[in-house]
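A.B. asks: got a sequence here, can you model it:
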Amino acid sequence: MIKKFIDKLFSKTAAPASKKTPLGKRVEIPAEVHGIDPDLLDERAVKVVKTLTDGGFEAYIVGGAVRDLLLGMRPKDFDVATNATPEQVKGLFRRAFIIGRRFRIVHVVYGRGREHEVIEVSTFRALPTDAEAAGAVSGNEKTSKSELEGKSHAVDASGRVLRDNVWGPQIEDAARRDFTVNAMYYDPQRRLIVDYHGGLADAKAKLLRMIGDPDTRYHEDPVRIVRAVRFAAKLGFELEKKTLAPVQACIPLLANVPASRLFDEMIKLLQTGHSLASLAQLKKLGLVGQGGKVFAVLDAMLTDAGDLHDGVRGNFVRQAFEDTDRRVNDGRGVSPSFMLACMLWHEVLDRWTKIRNGGEPPVPALAQAIDAVFDARIGDISGRGKLAGDMREIWMMQTRFERRSGSGVFSLIEQPRYRAGFDFLRLRADVGEVDPALADWWEDFALGSDDDRQALLADVRASQQKAPRVVRAPRADAQAPAGDEADEDHAVAEHGSDAPAKKRRRRRRKPAGAGGPTGSEGTSATPSSDA
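C.D. replies: Now for the predicted structure:
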């Protein structure tokens, strides 16, 4: 009995014969063959590897970082794989946190604030046994929490992996990764690549090849379809024929993936520095446009055929993506909230126009339009609050830019998100959606001296005084004011601009006396601001 227990305990040291995914063969590739430039390495990732090996464990830089290093690119992120368990990893570092349920990993954190860096450390995982693979739960992550409790490995009825926390040897860890080019391990201390599945050859041939049976692997994790799009666009790789063949049939499986995970993958896809190429790949595989319906945010900005719209609407998104790609390729940071604000702006604009035409004042109408678009296109996803706050601020600033008088202009340029709001305005001006002179004025005002600013404000006041007043007739359903005010309203309605100026000013100033600055914009309720 004891012998059987010991045999079972250590059975993971070699792969069971029933496992269908090929294990591959370990090949060690020296520096003179792979040619990785050590200067492209992240010193903190190297430090994590050294700390783990000094602690008596195996550790390697792994995955996409190795692939990018082979292609002569500086990786954006560095991940580390080790045979240490998450608890053992956490015990070796001062600031390390175990996260995740589906995949338990450790985040090792260096630095603080915006300058902090996270090195993701994962434990070598084993391929599931036939019994583990067959043990499907009845629902998904949310509906089967009780069934998933305490399980190290679990799949749903379609074969999608819901839990994968069974530790094993490196050879099995390599086999359970998706593409051959992502299944290589780099030892920065010995400058050695460990390759089990011919990833080096596929990287040189610019080929994406799935490890194992592609149909089975897509069922295990349908997001691999989106990852294939991202790698193809970012690296200029082609999908190997067998890897490509089951994609169309597996697209419906994405409907079972949590919305927050798909949303995160979409953001990664559009921040590769090749966003327009990514859109082309999505269309090619049928993931956007008619029949797609995988990414609600993308559907909002594309035609039914999966293309950008013609005219200002399409040019606006195209230029936003081109600017984002330039920033990524220049090594500068990009903001997901700004990019998403650009992608959804014209749907917000359409809804805003309809609500205003229904009689709602501009600012409340814009707020309602924003809420409706968030509910329709983003939904309840992790991180929505922060994204929504930043996007809302960018959009609401667009109404404030139209008002260039009072103290509000000074408070606006002091806003933390002013630069993002102005960049958004400048983009609108560049595609002809608003007058470029408006963006020029705000740029001059933000950068100008006190004297420059006063001169700019004086120019606005002068232009507003020259502009003819627009006199609106009172609403038919409005209650007639009493006494002298009724006579005043009658005079304005009947005589227009010939009505006594004193009375007209007094009537316009009345709301300011009751409530001070108007709305959230903080502008004074003066006659010039209403012109």
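A.B. asks: residues near V89, how many?
C.D. replies: Number of residues near V89 (other Cβ atoms under 10 Å) recorded here: 26. No exception for glycine: its C-beta is placed from N, CA and C like everyone else's.
A.B. asks: now do the contacts for the nearest residue to it once chain neighbours are set aside.
C.D. replies: Leaving aside its chain neighbours, V89 sits nearest to V106 (4.5 Å; criterion: Cβ to Cβ, 6 or more residues apart in numbering). V106 sits next to 86, 89-90, 93, 96-99, 120-122 when contact means Cβ atoms under 8 Å, 6 or more residues apart in numbering.
A.B. asks: pull up the distance across stretch 443-455, start to finish.
C.D. replies: 14 Å (Cα to Cα, to the nearest Å).
A.B. asks: contacts for it, please.
C.D. replies: So stretch 443-455 is contacted by 404, 409, 413, 418, 422, 426, 456 (Cβ under 8 Å, 6+ apart).
A.B. asks: excluding residues flanking it in the chain, which one is nearest the first one?
C.D. replies: Put plainly, it is R404. Distances taken as Cβ to Cβ, 6+ apart put V460 closest to R404, at 4.6 Å, once the chain neighbours are dropped.
A.B. asks: can you tell me the element that neighbour falls in?
C.D. replies: Assigned by DSSP states H and E, V460 belongs to helix 450-466.
A.B. asks: go on, Y60?
C.D. replies: Judged by DSSP H and E, Y60 forms part of strand 59-62.
A.B. asks: from the chain's centroid, how far away is that strand?
C.D. replies: Its chain's C-alpha centre and that of strand 59-62 lie 27 Å apart, by Cα atoms, centre = their mean, to the nearest Å.
A.B. asks: before we move on, what about stretch 268-286?
C.D. replies: Centre-to-centre, stretch 268-286 and its host chain are 13 Å apart (Cα atoms, centre = their mean).
A.B. asks: ok, now how distant is the closest residue to L253 other than its chain neighbours from R261?
C.D. replies: Distances taken as Cβ to Cβ, 6+ apart put P222 closest to L253, at 3.9 Å, once the chain neighbours are dropped. Applying Cβ to Cβ, to the nearest Å, the value for P222 to R261 is 10 Å.
A.B. asks: in terms of neighbours, single out the busier of those two.
C.D. replies: Using other Cβ under 10 Å, the more surrounded residue of P222 and R261 is P222, with 22 against 17.
A.B. asks: dihedrals phi and psi, that one?
C.D. replies: Phi and psi for P222, reported as degrees, to the nearest 10, are phi -60, psi -20.
A.B. asks: wait, what's in contact with it?
C.D. replies: P222 touches 160, 250-251, 253-254, 256-257, counting by Cβ under 8 Å, 6+ apart.
A.B. asks: can you point out the buried residues in stretch 227-236?
C.D. replies: When burial is assessed from 16 or more other Cβ atoms under 10 Å, stretch 227-236 yields the following buried residues: 227-235.
A.B. asks: and for stretch 194-205?
C.D. replies: Neighbour-count burial for stretch 194-205, counted by 16+ other Cβ under 10 Å, picks out 194-200, 202-203.
A.B. asks: outside of stretch 365-373 itself, list whatever touches it.
C.D. replies: Where contact means Cβ under 8 Å, 6+ apart, the residues beyond stretch 365-373 that reach it are 300, 344, 347-349, 351-352, 355-356, 360, 391-392, 395-396, 399.
A.B. asks: any idea how far the residue nearest to D187 when sequence neighbours are not counted is from R191?
C.D. replies: The shortest distance from D187 to any non-neighbouring residue, by Cβ to Cβ, 6+ apart, is to Y60 (5.5 Å). Distance check for Y60 against R191: by Cβ to Cβ, it reads 12 Å.
A.B. asks: so which of the two has more stuff around it?
C.D. replies: Remark: of Y60 and R191, Y60 carries more neighbours, 26 against 15, as counted by other Cβ under 10 Å.
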